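**Q** I would like the atomic coordinates for the input below:
(chains A and B)
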Amino acid sequence: MMPLLMMVLEAAFVIAVVLLILLAIYGFSIKVTKSLSRESLEKRKPFACGESIPPSKTSLPDMSMYAIVWRRVFQSLYTTLRDKLHTGILSDWLVWMFIFMVVIVIVLVVV
Amino acid sequence: MIPYELIFEVIVFPGLIFLSIAVWLTQWYYRKVYAHMQSRIGPLHTGPFGILQPIADYLKLFFKEDISTEGSNPRLAVVLLSTAIGSLVALTLMLPIAPLHPIAASYDIMLAMYLLVWPTIAIALIGILTPNPFSTVGTSRVFSMTLAYEVAFVASVLTPVVLSSAIYGSKYSLYVSCFTAWKLWLNPYTVVPMILALIAALLSLQCKLFAKPFDIPEAETEIVAGPFTEYSGFKLALILGLHDIEIVVGSLLITMLFFGGFIPFMWLPWYIALIIAAIEYIVVVTVVTWIRAMTARLRIDQALVIFWKYVLPMAAIALIISVIIPHVIA
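**A** Next comes the predicted model:
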């Protein structure tokens, strides 16, 4: 068996060879299909639900990438915690903050 | 020094040409089986029994116009997809089917894990590269699904490697583990973690391939084609190629790592050993197709809950047992 670093380099070499071959085929494909295609600005516009929309309005904030996980899977946990933590009573909030501080102190002492 | 043997393996066997032939035959097989399971005929007219249909589909995409949407980055998409295909080719060279110059070292399982994640990263990133709400929602779903299945897949693949390293001294090498891991089925102490890991690996592979019931990121009735919505022509061919190569390499990995492929039958004539290995591979592909045919699409929260409640604990238990068992045997 070869050294680990040599193996990583060989894997990188494999990826580079495949990348070059596929890029060459892509270049050839573009050359072939360009002669068959007709220029049109319409087909390059982004559409959603039948409406043309500007590209800037099609993206999602990066914070929303895992929104499904928080909103759907942990919904019940979030609702339970929200109801317990946000009662609107100041002394409840102080109790939770005190518990939170105690946990931090314990973690710092143990670590 | 130019590594000619490595270049031969990358281009011919078990690299691009072999994988292309495997993709062609595997795609034809699973389309036929999938169709018969749904009381359809499947590919029929192109070639005998429709065997040339996958080639016709790829050729059609090759000659179709490559439309790039405004604000997209088509060249980067091709680079990402090609890199992902390259990572799968590199992973194939780490299996014992590489005849001349296998890529193997102690602890090479770490590199294998890294290479296995690349196709998912590529699919997620090409979704972001196109300005389309469906692509963005699909990408968000890919990211969320990754949290569910990647850990389970890694844990399930690690189980036979950890066990064979502890018992047979394969030094956490994927290549060497393929030679020894099949013996774990003969040991009563290691059968249970192997069964758990195999089930988790098959379900995680299903999710990794976005096959039913986990085809949530490309749910065509909701979000057209998810991250692939704006892709056409050669780029779509690359996406489908990546998906099909993932089926081939994933099934090969499970065949070689869990069942040893041709290795347990090396005492038989070589062609019989190869036929048995091919049958093992076909069984794995059939199981994946069978799950795909008999289930309907889940909602994303259902899929995540299934993985976190059942599949991930199953894979984690298998891995924990595989760490403890060698000490018990010793």
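**Q** can you tell me which residues contact the residue lying closest to residue B:64 once chain neighbours are set aside?
**A** For residue B:64, ignoring the flanking residues on the chain, the nearest one in space by Cβ to Cβ, 6 or more residues apart in numbering or on different chains is residue B:233 at 4.4 Å. Using the backbone N, CA and C atoms, a C-beta is placed for each residue, glycine as well. For residue B:233, the contacting residues are A:29, A:33, B:61-62, B:64-67, by Cβ atoms under 8 Å, 6 or more residues apart in numbering or on different chains.
**Q** Among those, name the buried ones.
**A** For the contacts of residue B:233, a burial check counting by 16 or more other Cβ atoms under 10 Å in any protein chain shown picks out A:29, A:33, B:61-62, B:64, B:66-67.
**Q** quick one: which of these is nearest residue A:89?
**A** residue B:67 (59.0 Å; Cβ to Cβ).
**Q** Secondary structure element holding that closest one?
**A** According to DSSP states H and E, residue B:67 maps onto no helix or strand at all.
**Q** what sits against it?
**A** A:43-44, B:232-233 are the contacts of residue B:67 under Cβ under 8 Å, 6+ apart.
**Q** Give me the pLDDT for it.
**A** The model reports residue B:67 with a pLDDT of 80.
**Q** same check, this time on residue B:177
**A** pLDDT, residue B:177: 90.
**Q** Same question for residue B:208.
**A** For residue B:208, the model assigns a pLDDT of 89.
**Q** and the gap between the residue located most distally from the centre of chain A and chain B?
**A** Taking Cα atoms, centre = their mean, the residue of chain A most remote from its mean C-alpha position is residue A:91, at 38.6 Å. Per Cβ to the nearest Cβ, to the nearest Å, residue A:91 is found 36 Å from chain B.
**Q** so that residue, which of the three states?
**A** The three-state label given to residue A:91 by DSSP: H, G, I helix; E, B strand; the rest coil is helix.
**Q** in chain A, which segments are predicted with low confidence?
**A** The model of chain A has pLDDT under 70 over residues A:35-39, A:59-65, A:111.
**Q** which stretches of it form helices?
**A** A:4-36, A:67-68, A:75-85, A:90-110 (DSSP state H).
**Q** tell me the most buried of these?
**A** Of the helices of chain A, the one with the most neighbours on average (mean count of other Cβ atoms under 10 Å in any protein chain shown) is helix A:67-68, at a mean of 18.
**Q** Mind checking which residue lies nearest the centre of chain B?
**A** residue B:250 (2.6 Å).
**Q** Please give the element, helix or strand, for that one.
**A** Per DSSP H and E: helix B:233-259 holds residue B:250.
**Q** now that helix against helix A:4-36, angle please.
**A** 150 degrees (axes from the mean of the first three to the mean of the last three Cα atoms, to 10 degrees).
**Q** Relative to residue A:30, how far out is residue B:82?
**A** Separation of residue B:82 from residue A:30 (Cβ to Cβ, to the nearest Å): 14 Å.
**Q** ok, and the closest non-adjacent residue to residue B:30?
**A** That would be residue B:289: by Cβ to Cβ, 6+ apart, it lies 4.5 Å from residue B:30.
**Q** give me the number of residues near the one you found?
**A** 22 (other Cβ atoms under 10 Å in any protein chain shown).
**Q** Ok, the one 4 residues further on next?
**A** Burial measure for residue B:293: 16 neighbouring residues, criterion other Cβ under 10 Å.
**Q** Would you mind giving the secondary structure of it?
**A** Going by three-state DSSP: residue B:293 is helix.
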